[in-house]
Every structure is written in structure tokens, then in C-alpha cells.
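Colleague: Mind looking at a prediction? Sequence and model below.
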Amino acid sequence: YQEEAGSRKRAVPKHKGMAGKFVNMTPDKMNMYWLGNDGKGHFMGVAAPFAAYGTGTFPGHYFYFTPTTDVSHKICSFTVQKYTSTYYCDPYSASKHYRNFEDTPGKAHIAPQDHRDVDTLSRYDRVAYEALVQNLHFGQAYYNFTGREWLSQYPRNKPRNFMWDADYFGQVHEVRTRQTQFVQLPPQEELGRVSYGKKKSGTGAAGSNNDTAAAADVDDTVSLREYRTQETYLNLTLTVASSAPRIFEIPNFLSEVEVDHLLDLATRKELPRSTTGMGDSTRAVDTTRTSSNTWVGRESSPVVDAIYRRAADVLQLDEALLRRRSSSEHPDVPSKSSIAEQLQLVHYDEGQEYTAHHDFGYPTSTEGDHPSRWANILLYLNDPEEGGETSFPRWANGHTTEAIDVKPRKGHAALFYMLLPDGNLDDLSQHAALPVRKGEKWLANLWLWDPIRP
């Protein structure tokens, strides 16, 4: 607010949802269930050995773990409590890992017959178990110091990638990029797939592949200039809409031609029902998300490639990080894979929505620096007649209990981070795609990971 400290009190949001992280501290796969209002257990997913399973939740929700071999046997049960997001299923002498264990939030209820002796663990499993115990202790210290839940896995370094400051509402950052906008769609013969790492020939064509009309040469990153605006640079602004979570609005990120090209690529494909989760093994159709979507890779066309390069400039990253790299590019990065996902193009019909959720993933192992989605650039591809806002219901502010909503506008973008500068997952990045009340909505998600993408 740029006011004197203490001039306002933090508003308590109306939305009472939060992240729920449920840690399996055993060497066994566990099924996780939610006890619904109908009194029945609803399968949520599988918690891998010594790993976490996460979901959005509310105080009062009841979850439980069962062995995958006996779904009628509840090993651990959890009742979600206000202000407590992390819960541990630890049958191995769990009391010694908590202070005042019986009264500590996050403790799972474990029947006496399910208690186990930690000395029965193998040497390998004991190492993994002790890593989770260490993470639990660190989480307690982190909470005492910051007042926030520790949702990551210790040790976790700060994000490798640059993050824009969001010190006050309305703060403006400026970016100048050579990736100017397309104002005319190139002819079809120049819209083939892009290949990387090849030097352009004198004609600008790439190799002999008929489906490759342009090569991305790191020495000349602005392709097909004759179809773009004549300015040397495109100037973009990032305006802070929220400081916690960090949300930035970016007007005029895409041109009309670029938007129409993305929509054309999307409508050429069959759009299946959208799923929740990340990766093939965790994706599932869910009633919380009623849209449809498809995926478009950076290499799909020179126009899409330019959008990725522009995004890299906005994020203050080398564009090479957003594609497969050679061994000589960023040798300090432990993976040569792109930190960016393919563009996810999403369509919402009237009445469709995606309820409040988090985009990040929870630790799937006890190793530190666990990879996670780090940032999302939302690209809005049309103007819904009514509704369809991107809503952040728990943003920190001192004047309203309501959510902050980003209105979708064709060609505009929004950037928000899912990691905090200290490496923790940001629970306040929980967001929703509000129902489209009239018309339809098109958008694209560009998710980026830190420190690498598995």
C-alpha cells in the first residue's frame, strides 16, 4: 500500500480452503481416500513410499490411508484442522518426533495394532524415513520462524530462476524484448515445425526436412521479421496485482494474429476433457475441472517459438532453458530438458469452471531440491462475455475479504509464481477459473519448473 507500517490489518479471506499435504512415512504404497458427505470413502490417489500426496482441502475434511492390498484397513486417518496443511502418517515410534505429540496438529490417528518398530526398516528405507523425520523437524522450525507451513522437502535451495519483486500494489516492471509481434501470418510453407541447434542457410530454410520451414539459430533469434511489426523492440509492462501471492498483469502480450494462430492450432485437434494432476500417472478426470484442453509444443511453428522466446524475456531467462539443450548450453543445469511445458490450450463453455486448486506438485521422494512447477504465464485468447476470471481467493491484503480476480482480455497475460523466494511452495497461489456465465473462454497455460522439469 506504500503506507506506514501498522496502518492496516490483514483481512481474513472468506475462502477457507488450503493446501493439504499428506506424507506417507512407510515403505508401502498407500491408497488415499476422502470421506465424502455421503459417508463413503472416495479414492483420491496413491501415496508412494516415503512420499507426499497433496490436494486442496478445507478444515473438517477427513482423509485416510489404506494399504493398496487391503482397502478396508485404515492405517492412518487425518482430520484437517484450521491453519494446518501438513499431515504425517508415521507408524514408527511417531511420538518421539513431535513435541507434545498428542496435541500436535498434523498427527495422524494410528490404531495401536498398526504401530511399527523403526528397527524393522531396511537400511535403505531407514535413510528415507530419517529424511522425512528431518523434514518434519525443519517444518516445525520454519513455521515458528515464518508463520507459514513448510510444504516442500528439506533441503530446498532458493529457486534457481529469477523472480520479479512484488513490493507493493501497482508496482510496474518494464521489459524490452526483440521478440516483436506478428501482425501478418506467414504463408503456410513458412509455418512448419521448428528445429533447434542448426545454423540457418543463406535462404533461412532449415536442412532438407520438408516439415521444417525455419531453424531456430541462437545467433539470430528473430525469425520472419517481414511478418512482424517494424519496431526493433517490443516494450511490455508487468504490473503488480498482488504481493502474496506474486501476481503480475501483462497487457498486450500477444497480437491478434498470434492469438488467432494459437486458436487455429487448438481447433485442429480434438479437445478431450481436462484432467487434474501432473504427469501421465497422476492425471485424472475430476468434477472440480469441467473444461477441455489440448497441448501445443514450442516447435509447432515459428509463431509459437516466438511466444516462448518472448516469455523467456519476460521471465529474464535464457530462451535455451525453455527447450531441449545441447551439452554446451547451461552445463551447470543438471538436466538438458526444457524447464517449460508445452502450451496447454484450454476451452471453457458456458457454465464450466475449475474450482480452487494449486498448480504445484508435492515431493515424490526424500531428495532435496525437489522439482516443482515454479511459475505460470496465463495467455488469454478471447474476451468472455461474462465471467471466466482467474480468481485468487486467499491473497494477502488489508482492505477486503474477497478474492482478487484477473479479468481475461484477449491478448493479455498474467504471471504468477507458485514458489516463494526461499524455495517453499506458496499456499496462497491457490486459484480458480471462475464459471463462464455467458459465452466461452479460451486461454493457454505456460508452466515452468524449478530447478528442472522431470
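Modeller: That came in fine, so what should we check first?

Colleague: Please identify the buried residues of stretch 130-141?
Modeller: By 16 or more other Cβ atoms under 10 Å, the buried positions in stretch 130-141 come out as 131-133, 135-136, 138-140. Glycine gets a C-beta too; all of them are placed from N, C-alpha and C.

Colleague: Look up which helix or strand residue 125 falls in, please.
Modeller: If you go by DSSP states H and E, residue 125 is part of helix 123-146.

Colleague: Pick the one among the buried residues of stretch 130-141 closest to residue 242.
Modeller: Of all the buried residues of stretch 130-141, residue 139 has the smallest distance to residue 242: 25.3 Å, by Cβ to Cβ.

Colleague: rewinding a little: reformat the buried residues of stretch 130-141 as TSV; add pLDDT.
Modeller: Shown next, in TSV, are these (pLDDT from 0 to 100):
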residue	pLDDT
131	93
132	93
133	90
135	92
136	90
138	93
139	92
140	91
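
Colleague: Next, format these as JSON lines and append distance to residue 385.
Modeller: Listed next are the buried residues of stretch 130-141 as JSON lines, based on distance: Cβ to Cβ, whole Å:
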{"residue": "131", "distance to residue 385": "52"}
{"residue": "132", "distance to residue 385": "49"}
{"residue": "133", "distance to residue 385": "54"}
{"residue": "135", "distance to residue 385": "48"}
{"residue": "136", "distance to residue 385": "49"}
{"residue": "138", "distance to residue 385": "49"}
{"residue": "139", "distance to residue 385": "46"}
{"residue": "140", "distance to residue 385": "49"}
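
Colleague: just these now: which is nearest residue 414?
Modeller: Each of the buried residues of stretch 130-141 was scored against residue 414 by Cβ to Cβ, and residue 139 proved nearest at 30.5 Å.

Colleague: all strands of the stretch 301-450 of the chain, in order?
Modeller: 343-348, 354-357, 372-380, 386-387, 390-392, 404-406, 413-417, 431-433, 436-438, 441-450 (DSSP state E, counting those that start in this stretch).

Colleague: The fifth one - contacts with which helices or strands?
Modeller: In terms of contacts (3 or more Cβ pairs under 8 Å, 6 or more residues apart in numbering; DSSP states H and E), strand 390-392 is packed against strand 404-406, strand 431-433.

Colleague: how does it look with 10 Å?
Modeller: Judged by 3 or more Cβ pairs under 10 Å, 6 or more residues apart in numbering; DSSP states H and E, strand 390-392 is in contact with strand 354-357, strand 372-380, strand 404-406, strand 413-417, strand 431-433.

Colleague: Any stretches of the stretch 301-450 of the chain with poor pLDDT?
Modeller: Within the stretch 301-450 of the chain, no range satisfies pLDDT under 70.

Colleague: try it again with 80
Modeller: Across the stretch 301-450 of the chain, the ranges flagged by pLDDT under 80 are 368.

Colleague: got the end-to-end distance for stretch 437-453?
Modeller: One end of stretch 437-453 to the other measures 36 Å (Cα to Cα, to the nearest Å).

Colleague: what's the burial count for residue 306?
Modeller: Residues lying near residue 306 (other Cβ atoms under 10 Å) number 25.

Colleague: Restricting to C-alpha, output the helix holding residue 125 in CSV.
Modeller: Extracted in CSV, the C-alpha atoms of helix 123-146 (Å, rounded to 0.1, in the frame of the first residue of the first chain):
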residue,chain,number,x,y,z
ARG,A,123,19.0,-49.7,5.8
TYR,A,124,17.8,-48.0,2.6
ASP,A,125,14.3,-47.4,4.0
ARG,A,126,15.7,-46.1,7.3
VAL,A,127,17.6,-43.4,5.4
ALA,A,128,14.4,-42.3,3.6
TYR,A,129,12.4,-42.4,6.8
GLU,A,130,15.0,-40.3,8.7
ALA,A,131,15.0,-37.8,5.8
LEU,A,132,11.2,-37.3,6.4
VAL,A,133,11.8,-37.0,10.2
GLN,A,134,14.3,-34.3,9.5
ASN,A,135,11.9,-32.6,7.1
LEU,A,136,9.2,-32.7,9.9
HIS,A,137,11.6,-31.1,12.4
PHE,A,138,12.6,-28.4,9.8
GLY,A,139,9.0,-27.7,9.1
GLN,A,140,8.4,-27.0,12.8
ALA,A,141,11.3,-24.6,13.0
TYR,A,142,10.2,-23.0,9.7
TYR,A,143,6.7,-22.4,11.0
ASN,A,144,8.0,-20.9,14.2
PHE,A,145,10.2,-18.5,12.3
THR,A,146,7.9,-17.6,9.4
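
Colleague: shouldn't residue 116 be in contact with residue 110?
Modeller: Yes: taking contacts as Cβ atoms under 10 Å, residue 116 lies within contact range of residue 110: 9.2 Å.

Colleague: Need the nearest residue in space to residue 151, chain neighbours excluded.
Modeller: Among residues not flanking residue 151 along the chain, residue 425 sits closest, at 4.0 Å (Cβ to Cβ, 6 or more residues apart in numbering).

Colleague: Mind listing the residues bridging to the one you found?
Modeller: On the basis of DSSP bridges, residue 425 is bridged to residue 419.

Colleague: measure it to residue 434 for me?
Modeller: 23 Å (Cβ to Cβ, to the nearest Å).

Colleague: Residue 111 - how many residues pack around it?
Modeller: Residue 111: 12 surrounding residues under other Cβ under 10 Å.

Colleague: so who does it touch?
Modeller: With contacts defined as Cβ atoms under 10 Å, 6 or more residues apart in numbering, the neighbours of residue 111 are 73-77, 91.

Colleague: which neighbours does the one helix or strand residue 239 maps to have in its sheet, and in what orientation?
Modeller: Secondary structure from DSSP H and E places residue 239 in strand 234-242. Taking DSSP bridges as the criterion, strand 234-242 forms sheet pairs with strand 172-177 (antiparallel), strand 247-250 (antiparallel).

Colleague: Need the residues touching each of residue 116 and residue 110.
Modeller: Overlap of the contact sets of residue 116 and residue 110 (by Cβ under 10 Å, 6+ apart) consists of 75, 90-92, 94.

Colleague: sorry, back to before: and residue 425 and residue 434? Which one has more around it.
Modeller: Higher neighbour count among residue 425 and residue 434: residue 425, with 28 against 21, using other Cβ under 10 Å.

Colleague: Was I right to think the more buried one contacts residue 159?
Modeller: No: in this structure, residue 425 is not within contact of residue 159 by Cβ under 10 Å, at 11.2 Å.

Colleague: what touches both of those two?
Modeller: Residues touching both residue 425 and residue 159 (Cβ under 10 Å, 6+ apart) are 372, 374, 419.

Colleague: Nearest to residue 49 among these?
Modeller: residue 372 (19.7 Å).

Colleague: how about the nearest residue to that closest one, chain neighbours excluded?
Modeller: Excluding the flanking residues, the one nearest residue 372 by Cβ to Cβ, 6+ apart is residue 360, at 4.9 Å.

Colleague: Distance of that neighbour relative to residue 369?
Modeller: Going from residue 360 to residue 369 by Cβ to Cβ gives 14 Å.

Colleague: Settle it for me: which of the two has more neighbours?
Modeller: Neighbours per residue (other Cβ under 10 Å) separate residue 360 from residue 369, with residue 360 holding more: 24 against 17.
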